[in-house]
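A.B. asks: need a 3D model of the sequence below.
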Amino acid sequence: MSIPIDQKAPQFFHGTKAQLNPGDLIAPGFNSNYGKQKQAKYVYLNATLDAAIWGAELALGDAPGRIYIVEPTGPYEDDPNLTDKKFPGNPSKSYRTGAPLLVVGEVTDWQGHSPDRLQEMRDNLDRLKQRGIEAIED
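C.D. replies: Numbering: from 1, shown residues only. The predicted model follows:
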């Protein structure tokens, strides 16, 4: 018996610049790739490839962006950094969890945003930073 597509478990992604392998865990407790780089209480996952692409492109560091297919090992919730007044209803399907994410694969054929669009996003993040608004709130 096949399961209708709308009843399948969602596929989740995590964008980063870290080099990982299937079986690795992405866990809270390390310094964040964003903002003030404080110790992260959560790890973030997305059910849309576009949101994971932003994560891979905007993560700090010089390494190339990478997108991993991940499975949460515990409960997860809507990411309040993206689902409050900014984007009601969670259209980016962005989540966070205090439990590790299990890396089960890597997306290698993704297309990044245009250099102009990427710079526009970085400029917007810089404006928020100048106003004292942190991109990641725990």
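A.B. asks: what about whichever helix or strand residue 13 is part of, average pLDDT?
C.D. replies: In this assignment (DSSP states H and E), residue 13 forms part of strand 12-16. Strand 12-16 shows a mean pLDDT of 95 in the predicted model.
A.B. asks: after that strand, which helix or strand is next?
C.D. replies: Strand 12-16 is succeeded, C-terminally, by strand 25-26 (DSSP H and E).
A.B. asks: how far does the helix or strand following that following strand sit from the chain's center?
C.D. replies: Under the assignment DSSP H and E, the closest C-terminal helix or strand after strand 25-26 is strand 43-46. Strand 43-46 sits 4 Å away from the centroid of its parent chain (Cα atoms, centre = their mean, to the nearest Å).
A.B. asks: after strand 43-46, next one along is what?
C.D. replies: With secondary structure assigned by DSSP H and E, strand 43-46 is succeeded by helix 49-58.
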